[in-house]
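Visitor: coords please:
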Amino acid sequence: MENDIENSLSRKLLSTSSQLDPKRRRFRRCKSAPMADYLPSEIKPRNGASQAAPPPSQPLWEKIHPSIKKVGIYLFLYLTIGTTCFYFVGNQIKGDKIDGILDSVYFCIVTMTTVGYGDLVPNTAATKLLACAFVFSGMALVGLTLSKGADYLVEKQEMLLIKAMHMREKLGPTEILEEIETNKVRYKCLVTFSFLVVLITLGTVFLVLVEKLEFVDAFYCVCSTVTTLGYGDKSFSTKYGRVFAIVWILMSTVCLAQLLCYIAEFNTEKKQKELIEYVLTRKMTNVDLESADLDDDGSVGAAEFVIYKLKEMGKINQEDISVLMDEFENLDVDQSGTLSLCDVTLAQSVRTKK
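Guide: Got it, this is the predicted structure:
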């Protein structure tokens, strides 16, 4: 069954490519292939190139990316509900208290990021259960929502990083987009690492100047906070310190989590590139030739070669091919083995009726 599907796909690819001029037979980008979602506004056209007219002005709320809107809404709801709950049970929370509302917001952030200094702790069964509910919902918020917002912000900064690294080179929009696509994960790691260094430095300096900690103690407190260890022997104990901590703890912990995710993604991508390089540089053997010959005619065509190499690289598998063949057969209404505008129109009308 699997060989029949592969043979069918191969014949259709070969029949399509054989209709082209042999000198111009090549695998090219399909005209209908999706282009980039948008061309970043930071990219300016080359000298002499015409620049499109600026888009009409939009309200500020509509200019914000949907992922950032979602982060803002969810974070606002979480902090509003959490602050309200912990404010009304403030007498059941023991520790170093400064201001009722400020302490409640601070406790929400420390709970959500799992830092847990221990300077404020629930003291009754009800507040302990409430803290358990907010720690799990807070972790879900960080993992599902805040990380996506942070990822979007990092991608926006990639453009500035590339322009800074290639200041002496005049790169056009196409070259910059190709550079981003080629080294996307590496640039994400660099941007996130830079943000993390800035946040660690900012936190250390703040603890030294405002909280009056020694440099080593300040750096120790920053590291235990960013990694969410939260030993609790050093923490933010002043009013201004907790105002700063509300923003800084959230940003620094999410930043470190994103950096670790990007590092793991970078290692995975590196292994994938090594596999691709091995597949492309490895010499073809008689066994490979027999495996790639899907229609058993003693020769391997371009379509057969592409399918075989993509499967070797792990880009596609038999399940992917089966799904694509099913989609092709659904669109091929007249069962001619090729797709035409008439086939697509008829297929869409049938789906609409259903």
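Visitor: how about residue 241, what does it touch?
Guide: Applying CB atoms under 8 Å, 6 or more residues apart in numbering to residue 241 gives the contacts 206, 207, 210, 211. Every C-beta, even on glycine, is put in place using the N, C-alpha and C of the backbone.
Visitor: the helices in the stretch 251-354 of the chain, which residues?
Guide: 286-292, 302-313, 318-331, 341-353 (DSSP state H, counting those that start in this stretch).
Visitor: from these, which stretch is densest packed?
Guide: Stretch with highest mean neighbour count among the helices of the stretch 251-354 of the chain: helix 302-313 (a mean of 18; mean count of other CB atoms under 10 Å).
Visitor: what mean pLDDT does that one have?
Guide: For helix 302-313, the mean per-residue pLDDT is 83.
Visitor: repeat that for stretch 344-353.
Guide: What stretch 344-353 shows for mean pLDDT is 77.
Visitor: that older thread, who wins for proximity to residue 100 among the helices of the stretch 251-354 of the chain?
Guide: With distances scored as CB to CB, the stretch of these nearest to residue 100 is helix 318-331 (57.4 Å).
Visitor: the helices in the stretch 101-250 of the chain, which residues?
Guide: Taking DSSP H, counting those that start in this stretch, the helices of the stretch 101-250 of the chain run over residues 125-141, 147-165, 173-182, 184-209, 215-226, 239-281.
Visitor: how about JSON lines for those, with distance to residue 105 and mean pLDDT added?
Guide: Shown next, in JSON lines, are the helices of the stretch 101-250 of the chain (distance: least, CB to CB, whole Å; pLDDT from 0 to 100):
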{"stretch": "helix 125-141", "distance to residue 105": "12", "mean pLDDT": "89"}
{"stretch": "helix 147-165", "distance to residue 105": "19", "mean pLDDT": "61"}
{"stretch": "helix 173-182", "distance to residue 105": "37", "mean pLDDT": "64"}
{"stretch": "helix 184-209", "distance to residue 105": "18", "mean pLDDT": "89"}
{"stretch": "helix 215-226", "distance to residue 105": "16", "mean pLDDT": "93"}
{"stretch": "helix 239-281", "distance to residue 105": "6", "mean pLDDT": "86"}
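Visitor: can I get the ones you listed in JSON lines with distance to residue 310?
Guide: Shown next, in JSON lines, are these (distance: least, CB to CB, whole Å):
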{"stretch": "helix 125-141", "distance to residue 310": "37"}
{"stretch": "helix 147-165", "distance to residue 310": "27"}
{"stretch": "helix 173-182", "distance to residue 310": "19"}
{"stretch": "helix 184-209", "distance to residue 310": "21"}
{"stretch": "helix 215-226", "distance to residue 310": "42"}
{"stretch": "helix 239-281", "distance to residue 310": "9"}
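Visitor: for residue 78, which of these is the nearest?
Guide: Comparing the helices of the stretch 101-250 of the chain by CB to CB, helix 125-141 comes nearest, at 5.7 Å.
Visitor: report the buried residues of the closest one.
Guide: Residues of helix 125-141 classed as buried: 127, 130, 131, 134, 135, 137, 138, 141 (neighbour count, 16 or more other CB atoms under 10 Å).
Visitor: farthest-separated two in those?
Guide: Farthest pair in these, by CB to CB: 127 and 141, 20.1 Å.
Visitor: quick one, what contacts residue 239?
Guide: The contact partners of residue 239, by CB under 8 Å, 6+ apart, come to 98, 99, 102.
Visitor: now do the contacts for the nearest residue to residue 115 once chain neighbours are set aside.
Guide: Spatial nearest neighbour of residue 115, chain neighbours left out: residue 230 (4.2 Å); criterion: CB to CB, 6 or more residues apart in numbering. Counting by CB under 8 Å, 6+ apart, residue 230 touches 110, 114, 115, 116, 117, 118, 224.
Visitor: the last one: what's it in contact with?
Guide: This points to residue 224. Residue 224 is in contact with 230, 231, 234, counting by CB under 8 Å, 6+ apart.
Visitor: ditto for the fifth one
Guide: With CB under 8 Å, 6+ apart as the criterion, the residues that contact residue 117 are 110, 230, 231, 232, 235, 236.
Visitor: ok, the residues you listed vs residue 352, which is closest?
Guide: Using CB to CB, residue 110 comes nearest to residue 352 of those, at 53.7 Å.
Visitor: near that closest one, how many other residues are there?
Guide: Neighbouring residues of residue 110 were enumerated by other CB atoms under 10 Å; the total is 27.
Visitor: just residue 297 next, same as before
Guide: Neighbour count of residue 297, defined by other CB under 10 Å: 10.
Visitor: also residue 201?
Guide: Burial of residue 201 is recorded as 12 neighbouring residues (other CB under 10 Å).
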